[in-house]
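Novice: Below: sequence and its predicted model.
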Amino acid sequence: MQELEKAEEYLNTLCSVKPNRRTGSPGNRAATDFFAAMVKKWGYTVDTTPFLCLDYKSGEISLACNNQVYEVYVSQFSPGCDVTAKLVTVSTIEELESCQCKGEILLMRGSICAEQLMPKNFVFYNPDQHKRIYSLLEEKQPAAIITATAKNPELVGALYPFPLIEDGDFDIPSVYCTDVVGQEISAKTGEVFRLVIEANRITATACNVIALKNQAAPQKIVVSAHIDAYWSTPGALDDASGTVVLLLLAEMLQDYKGNLGIEIVAFNGEDYYSAGGQMDYLRRFGKDLAGMSVAINVDDVGYKQGKTAYSLYDCPDEIKQKAHNIFGKYDGIVVGEPWYQGDHMIFVQNKKPAIAFTSENVAELMATITHSPKDTPDVVDCRKLVELAHALKDFIQAF
């Protein structure tokens, strides 16, 4: 089978698991099993140590007032509930600070819902304002929360509405709706609503897949992508495409005889509230980062519009020059703008050099495709995945 055919087959396999590749789901385990089986046959030592996580299942979701029903969606990982209570509305943190909503249904709309809250225990990026909102909600003790959100493609991709809260560590039931529906609901502030959420958190396990070669080498190179996908999407660009590049590269390097240790990592949790796989990796292998020459992360590559773009983070001059010389030989690869939302940041934050690959038109795909059901294999040009795998092989063999 030719490389392009392999890329297409891998992409379709990863995007067709059921129900999807959300961390901890049966589909996610099917994807990691597939990846592990492939790299094992190419002679890699494979680590698939499981870590605990939550899967999630929901059923009926309804919000009503005086026989009028409103369209709402359950916040992923929300506890279930059946609450009948008066509606209290806030639109700012100051209003939340002063409101009395214990035991009531709280509607949050306006500026307080401008951006998705980081999970309360998220360690990589967690603004003080987000922590304050969580703290106030837990202090005020509403019986349930409705959040009304507008479009925010820079932070949540093409989702509209987007869930303000997606957090398995937050125990107040919550749903979300569009800003338009939120305005309709707010007109009935003080009236009695009934909110029903049928949902269950399910204790599960998941794993990273870490493929290792030449482990005795004093220096190693790490190449990563994330194998999980956002819960409501097939995740072709985000990040089955990056995972396909890892598989192509792993086969190309199966006979590698160079001086570096090779570590190919399919992270499991980039689109998961607790970044479970990334945290597990740091707990288990953080001490080994001292021997890492450079980390390469691949995310949202292969978009049919534009080229593949790379950016450098704290790289010494030797690696910068090597990257520019090798990647510059490929017509479909260009220097791009830095971005700080990917798995390369776990290495950058630990003061290690990193290179990140994404699509040149990442802003466009974030606004129209990312985290939506539109993220399907037909938006991926697999020729770009094959090209990037060859470029990464050349870069690694140049050490």
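Specialist: Here it is on my side, so go on.

Novice: Spatially nearest residue to the most centrally placed residue in the chain (excluding sequence neighbours)?
Specialist: Nearest to the geometric centre of the chain sits residue 271, at 2.1 Å (Cα atoms, centre = their mean). Nearest residue to residue 271, sequence neighbours excluded (Cβ to Cβ, 6 or more residues apart in numbering): residue 230, at 4.4 Å. Yep, even glycine has a C-beta here, placed from its N, CA and C like the rest.

Novice: Need the three-state assignment for that neighbour.
Specialist: Under DSSP: H, G, I helix; E, B strand; the rest coil, the three-state class of residue 230 is coil.

Novice: So residue 269 is in contact with residue 277, correct?
Specialist: Yes - using Cβ atoms under 8 Å, residue 269 is in contact with residue 277, at 3.7 Å.

Novice: neighbour-wise, which of those two wins?
Specialist: residue 277 (28 against 25; other Cβ atoms under 10 Å).

Novice: Show me which positions of stretch 297-304 end up buried.
Specialist: For stretch 297-304, burial by neighbour count (16 or more other Cβ atoms under 10 Å) applies to 297-303.

Novice: err, stretch 329-347, not the other one
Specialist: 330, 332-333, 336, 339, 341-347.

Novice: State the pLDDT value of the residue nearest to the centre of the chain.
Specialist: Among the per-residue scores, residue 271 holds a pLDDT of 91.

Novice: for residue 155, same thing?
Specialist: So residue 155 comes in at 67 (pLDDT).

Novice: And the strands in the stretch 151-300 of the chain?
Specialist: 174-178, 192-207, 209-213, 220-226, 261-267, 292-298 (DSSP state E, counting those that start in this stretch).

Novice: Make CSV out of these and add distance to residue 107.
Specialist: What follows is the strands of the stretch 151-300 of the chain, written out as CSV (distance: least, Cβ to Cβ, whole Å):
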stretch, distance to residue 107
strand 174-178, 9
strand 192-207, 9
strand 209-213, 42
strand 220-226, 34
strand 261-267, 36
strand 292-298, 39
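
Novice: Identify the contacts common to residue 269 and residue 277.
Specialist: By Cβ atoms under 8 Å, 6 or more residues apart in numbering, residue 269 and residue 277 have these common neighbours: 23, 206, 226, 228.

Novice: Between those, which sits nearest residue 317?
Specialist: residue 226 (29.5 Å; Cβ to Cβ).

Novice: Enumerate every residue touching the residue nearest to that closest one when sequence neighbours are not counted.
Specialist: Once flanking residues are discounted, residue 226 sits nearest to residue 270: 3.6 Å by Cβ to Cβ, 6+ apart. Contact analysis of residue 270 by Cβ under 8 Å, 6+ apart lists 226, 228, 239, 277-278, 299, 342-343.

Novice: what's the spacing between residue 270 and residue 238?
Specialist: Applying Cβ to Cβ, to the nearest Å, the value for residue 270 to residue 238 is 9 Å.

Novice: list residues touching both of the two?
Specialist: In contact with both residue 270 and residue 238: residue 299, using Cβ under 8 Å, 6+ apart.

Novice: Just give the number of residues close to the nearest residue to residue 360 once chain neighbours are set aside.
Specialist: Spatially, and ignoring its direct neighbours in sequence, residue 360 is nearest to residue 306 (3.6 Å; Cβ to Cβ, 6+ apart). The number of residues packed near residue 306 is 17, by other Cβ under 10 Å.

Novice: so the nearest residue to residue 136 once chain neighbours are set aside, which of the three states?
Specialist: Distance criterion Cβ to Cβ, 6+ apart; nearest residue to residue 136, sequence neighbours excluded, is residue 96 at 5.1 Å. Classification of residue 96 using three-state DSSP returns helix.

Novice: wait, residue 96 sits on residue 138?
Specialist: No - assessed by Cβ under 8 Å, residue 96 is found out of contact with residue 138, at 11.6 Å.

Novice: Of the two, which one has the most company?
Specialist: Neighbours were tallied for residue 96 and for residue 138 using other Cβ under 10 Å; the higher tally belongs to residue 96 (21 against 13).

Novice: That one and residue 131: what is the separation?
Specialist: Taking Cβ to Cβ as the measure, residue 96 falls 13 Å from residue 131.

Novice: same question, residue 381
Specialist: Residue 381 is 41 Å from residue 131, by Cβ to Cβ.

Novice: follow-up on the earlier one: in CSV: the strands of the stretch 151-300 of the chain, plus mean pLDDT and distance to residue 100.
Specialist: Compiled in CSV, the strands of the stretch 151-300 of the chain are given as follows (pLDDT from 0 to 100; distance: least, Cβ to Cβ, whole Å):
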stretch, mean pLDDT, distance to residue 100
strand 174-178, 98, 19
strand 192-207, 97, 16
strand 209-213, 97, 50
strand 220-226, 97, 42
strand 261-267, 97, 43
strand 292-298, 96, 47
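
Novice: Reformat the buried residues of stretch 329-347 as a markdown table; add pLDDT, secondary structure and distance to residue 11.
Specialist: Formatted as a markdown table, the buried residues of stretch 329-347 follow (pLDDT from 0 to 100; DSSP: H, G, I helix; E, B strand; the rest coil; distance: Cβ to Cβ, whole Å):
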| residue | pLDDT | secondary structure | distance to residue 11 |
| --- | --- | --- | --- |
| 330 | 98 | coil | 20 |
| 332 | 97 | coil | 17 |
| 333 | 98 | strand | 19 |
| 336 | 95 | coil | 22 |
| 339 | 88 | coil | 22 |
| 341 | 82 | coil | 22 |
| 342 | 90 | coil | 19 |
| 343 | 94 | coil | 19 |
| 344 | 95 | helix | 22 |
| 345 | 94 | helix | 25 |
| 346 | 94 | helix | 25 |
| 347 | 95 | helix | 26 |
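
Novice: show me what contacts the closest residue to residue 14 other than its chain neighbours?
Specialist: Leaving aside its sequence neighbours, residue 14 sits nearest to residue 240 (Cβ to Cβ, 6+ apart; 4.0 Å). Residues near residue 240 by Cβ under 8 Å, 6+ apart: 10-11, 14-15, 21, 227, 229, 234, 377, 380.
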